[in-house]
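Peer 1: What follows is a predicted protein model with its sequence.
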Amino acid sequence: MDPVRLELRGPVAVLTLDRPKALNALNRETLEGLIARCDEVARTADVRALVLTGEGRAFAAGADIAEMRGHSPAESFAFSELGHRAGAAIEALSVPTIAAVGGYALGGGCEMALACDWIYASTRARFGQPEVNLGLIPGFGGTSRLVRRVGVAWAKEISLVGEPIDAETAYRIGLVNRVFEPDALLDEAVKTGETIAAKGPVALAHAKRVIQEGQDADVRVAHALERAAFAVVSASEDSNEGMDAFLEKRDPVFKGR
Ligand code: DAK
């Protein structure tokens, strides 16, 4: 069975990590599936947002320890690279991406959630970078993405103490945007995707890219990126339609052009 399921709920693509017996642990096949499904989503014109979630009681309990244990140094390097490619495939999507975390998001699982634009959690979610318990360090981008999301001190505490934090703590430190009851989590994430689907796709793609690229740039470079993107977006059919619709007191019909 495919370890990553893709389902279209109208304009929202839902990707589900689907190895519940292993708490959706990320083995090679799952990471490759994630990359393939992201490519598929990128090629599907009508998708306007993506939700990444996990089947059963975990989002993903980390990289697959049983598979990693037998790795030679070269295999270990290739595996880490594959995990980075999976994170990059999620991050490169032009549509907004939401991780819906209903259970364990540990190690590589937390890292895949961090590759999404933001995270929604259920009250049952648990986040952590427990690699130090195995004598390892985060290997799928955790050291770089976590610190940007929650700041250096929390990133260090989570990664160096190695104990999971609950949804309430994750919310308080800004790792998670919103917390929902377990039964409501996926529907709420999809609902946000539907809200996004009514906005201008050209504007969304540029706003997302500029925020992402600007985050790591000098502030003057970030401002220049914004000015350039604003000029491009202003010249789009969508922006003319959006402003016309406002002035004519009607809903806009965006075409993504
Ligand atoms: N890998 C493989 N199998 C896993 C797994 C994992 N990460 N997590 C859970 N499972 C499997 C369990 O072995 C068990 O399988 P069976 O025994 O039933 O066959 C099944 O899922 C259910 O798990 P439990 O029986 O343990 O369930 P519990 O409710 O008792 O405990 C738990 C849930 C999440 C607290 C526990 O399963 C746990 O502690 N899991 C491991 C969490 C963890 O340490 N995650 C971090 C993984 S390390 C690198 C590349 C990558 C990485 C680092 C470096 N380089 C190449 C440099 C990334 C590392 C990681 O992500």
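Peer 2: Done, it's in.

Peer 1: So which bits of the protein are right by the ligand?
Peer 2: Applying Cβ under 6 Å from any ligand atom, we find that the chain lies next to the ligand at 22-23, 25, 61-66, 76, 79-80, 83, 104, 106-108, 130-131, 133-134, 136, 138-140. For glycine as for every other residue, the C-beta is placed from the backbone atoms N, C-alpha and C.

Peer 1: now the residues you listed: which count as buried?
Peer 2: Taking 16 or more other Cβ atoms under 10 Å as the criterion, what is buried in these is 22-23, 25, 61-64, 79-80, 83, 104, 106-108, 130-131, 136, 138-140.

Peer 1: from the residues of the chain next to the ligand, which ones fall inside strands?
Peer 2: 104, 106 (DSSP state E).

Peer 1: Among the residues of the chain next to the ligand, which are located in helices?
Peer 2: Counting by DSSP state H, the part of those found in helices is 65-66, 76, 79-80, 83, 108.

Peer 1: Redo these as TSV? Include pLDDT.
Peer 2: TSV is the format used below for these (pLDDT from 0 to 100):
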residue	pLDDT
I65	96
A66	96
S76	93
F79	95
S80	93
G83	97
G108	98
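
Peer 1: and those, which two are the farthest apart?
Peer 2: Within these, A66 and S80 form the most distant pair, 16.7 Å apart (Cβ to Cβ).

Peer 1: Strands along this protein, start to end?
Peer 2: 4-9, 12-17, 49-54, 58-60, 97-101, 104-106, 118-122, 126-128, 165-166, 178-180.

Peer 1: Mind putting these into a markdown table with mean pLDDT?
Peer 2: Below are these laid out as a markdown table (pLDDT from 0 to 100):
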| stretch | mean pLDDT |
| --- | --- |
| strand 4-9 | 98 |
| strand 12-17 | 98 |
| strand 49-54 | 98 |
| strand 58-60 | 98 |
| strand 97-101 | 99 |
| strand 104-106 | 98 |
| strand 118-122 | 98 |
| strand 126-128 | 98 |
| strand 165-166 | 98 |
| strand 178-180 | 98 |
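
Peer 1: The closest residue to V95 other than its chain neighbours pairs with what?
Peer 2: Excluding its sequence neighbours, the residue lying closest to V95 (Cβ to Cβ, 6 or more residues apart in numbering) is A49, at 5.3 Å. Beta-bridge pairing for A49 (DSSP bridges): V12.

Peer 1: Next, count neighbours for A49.
Peer 2: 27 (other Cβ atoms under 10 Å).

Peer 1: Surely it is in contact with G193?
Peer 2: Yes. Between A49 and G193 there is a contact under Cβ atoms under 8 Å: 3.5 Å.

Peer 1: Please write out the alpha-carbon positions of stretch 35-54 in PDB.
Peer 2: The C-alpha coordinates for stretch 35-54 follow below in PDB (Å, rounded to 0.1, in the frame of the first residue of the first chain):
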ATOM      1  CA  ILE A  35       8.200  13.900  -2.700                       C
ATOM      2  CA  ALA A  36       6.200  12.200  -5.400                       C
ATOM      3  CA  ARG A  37       2.900  13.300  -4.000                       C
ATOM      4  CA  CYS A  38       4.200  16.900  -3.600                       C
ATOM      5  CA  ASP A  39       5.300  16.800  -7.300                       C
ATOM      6  CA  GLU A  40       1.800  15.600  -8.200                       C
ATOM      7  CA  VAL A  41       0.200  18.400  -6.200                       C
ATOM      8  CA  ALA A  42       2.500  21.000  -7.900                       C
ATOM      9  CA  ARG A  43       1.300  19.700 -11.300                       C
ATOM     10  CA  THR A  44      -2.400  19.800 -10.400                       C
ATOM     11  CA  ALA A  45      -3.700  23.200 -11.500                       C
ATOM     12  CA  ASP A  46      -6.800  23.400  -9.300                       C
ATOM     13  CA  VAL A  47      -5.200  22.800  -6.000                       C
ATOM     14  CA  ARG A  48      -5.100  26.000  -3.900                       C
ATOM     15  CA  ALA A  49      -3.900  24.700  -0.500                       C
ATOM     16  CA  LEU A  50      -2.400  21.600   1.000                       C
ATOM     17  CA  VAL A  51      -2.900  19.900   4.400                       C
ATOM     18  CA  LEU A  52      -0.400  17.300   5.600                       C
ATOM     19  CA  THR A  53      -1.600  14.900   8.200                       C
ATOM     20  CA  GLY A  54      -1.000  11.400   9.600                       C
END
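
Peer 1: Much appreciated, bye for now.
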